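> What follows is a predicted structure for the sequence shown.
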Amino acid sequence: LTADRPYENRDTGANQAIDQVKIFGSYVRWFRDILPPSCETNLGVGLADLGHAYNVATEDAGPVHVNVQFRENLSPDGGEIRNSGGRREEMDG
């Protein structure tokens, strides 16, 4: 399971965006790139993909790779980085 930036940030030099699509190549039995959560995203499709990943991993007894895209980063809402407003001197001082 990997967390990734959304598809529109790929190949743009965006922060925290590396190519994680098929990063494990042929070493996994199955791969799926899950779209970022949104009102337009069908939750049932994502859940079906996760169910299929589980079945492949357990029935074929091998690794699977599910790459989940997120538009928001996965850091806490509070704390040093979020509360600094992006100014480095507040984090260092």
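Thanks, I have the structure now. Numbering: from 1, shown residues only.
> How many residues are close by the nearest residue to residue 19 once chain neighbours are set aside?
Leaving aside its chain neighbours, residue 19 sits nearest to residue 10 (6.9 Å; criterion: CB to CB, 6 or more residues apart in numbering). All C-beta spots, glycine's among them, are computed from the backbone N, C-alpha and C. Neighbours of residue 10 under the rule other CB atoms under 10 Å: 15.
> what does the model give residue 10 for pLDDT?
We have a pLDDT of 83 for residue 10.
> shaky segments in the protein?
74-93 (pLDDT under 70).
> where along it do the strands fall?
Under the criterion DSSP state E, the chain carries strands at the ranges 2-4, 30-34, 64-69.
> Please name whichever of those strands is nearest to residue 18.
Closest approach to residue 18 among the strands of the chain is made by strand 2-4 (8.1 Å; CB to CB).
> Who are the packing partners of the closest one?
strand 64-69 (3 or more CB pairs under 8 Å, 6 or more residues apart in numbering; DSSP states H and E).
> what's the strand it packs on in contact with?
For strand 64-69, the external contacting residues (CB atoms under 8 Å, 6 or more residues apart in numbering) are 1-7, 20-24, 28-36, 49-50, 53, 56-57.
> what angle sits between that strand and strand 30-34?
Here strand 64-69 runs at an angle of 10 degrees relative to strand 30-34 (axes from the mean of the first three to the mean of the last three CA atoms, to 10 degrees).
> Quick check: which of the strands of the chain is buried the most?
strand 64-69 (a mean of 19; mean count of other CB atoms under 10 Å).
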